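> curious how this folds, go ahead:
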Amino acid sequence: EVQLLESGGGLVQPGGSLRLSCAASGFTFSSYAMSWVRQAPGKGLEWVSAINSGGGSTYYADSVKGRFTISRDNAKNTLYLQMNSLKTEDTAMYYCAKDIGPIIGYEYNYWGQGTQVTVSS
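Residues are numbered from 1 along each chain as shown. Prediction:
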């Protein structure tokens, strides 16, 4: 059974940092691209960042470029999102999502349950 378990969310002040983790199980993690997707209160899903299976290719939404860093540890079956210089508009539920193949294709067949990030003073 495929499982994606996010953690690391919380309440942080503007300008602060958080690191999200997504622990994967039930599939060969190193064979699939992964993404982070978020949903702010009352809004639709917004893609945040993606990484290919080997970790050598990464992409970011313009809204987070230069502030967020996606990475993965295939030995630990874990995906990360380092978030720096957080803004109030980053407040959202953050989900990790498994792509259908090793190359970033933005086609997801599994999602985690999400971790809440709240940026507020």
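
> ignoring the adjacent residues along the chain, who's closest to residue 68?
With sequence-adjacent residues excluded and distances taken as CB to CB, 6 or more residues apart in numbering, residue 68 is closest to residue 83, at 5.1 Å. Every residue, glycine included, has its C-beta placed from N, CA and C.

> hmm, who's touching stretch 78-90?
Contacts with stretch 78-90, where a contact means CB atoms under 8 Å, 6 or more residues apart in numbering, come from 12-24, 29, 34, 36, 38, 40, 48-49, 51, 63-64, 67-73, 94, 96, 117, 119-120.

> what is the burial count for residue 53?
By the measure other CB atoms under 10 Å, the count of residues near residue 53 is 20.

> that one: what secondary structure?
coil (DSSP: H, G, I helix; E, B strand; the rest coil).

> ok, for it, nearest residue in space, not its chain neighbours?
Nearest non-adjacent residue to residue 53, counting by CB to CB, 6+ apart: residue 102, 3.7 Å away.

> for that neighbour, what are its contacts?
So residue 102 contacts 31, 32, 33, 52, 53, 54 (CB under 8 Å, 6+ apart).

> restricted to buried residues, select these in PyMOL.
Buried members of these, defined by 16 or more other CB atoms under 10 Å, are picked up in PyMOL with:
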select buried, resi 32+33+52+53
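
> ok, the contacts of residue 102 vs residue 107, which is closest?
Nearest to residue 107 among those is residue 33, at 9.4 Å by CB to CB.

> tell me the pLDDT at the residue nearest to residue 53?
On the pLDDT scale, residue 102 is placed at 90.

> do residue 71 as well
Looking at residue 71, the pLDDT reads 98.

> check contacts around it.
51, 55, 58, 79, 80, 82.

> the third one pairs with what?
The reference is to residue 58. residue 51 (DSSP bridges).

> and it, how far from residue 42?
Distance, residue 58 to residue 42, by CB to CB, to the nearest Å: 29 Å.

> in the helix or strand of the chain with the lowest mean pLDDT, which residues are buried?
For the chain, counting by mean pLDDT, DSSP states H and E, strand 108-111 ranks last in confidence among helices and strands (a mean of 95). Of the residues in strand 108-111, 108, 110, 111 count as buried by neighbour count, 16+ other CB under 10 Å.
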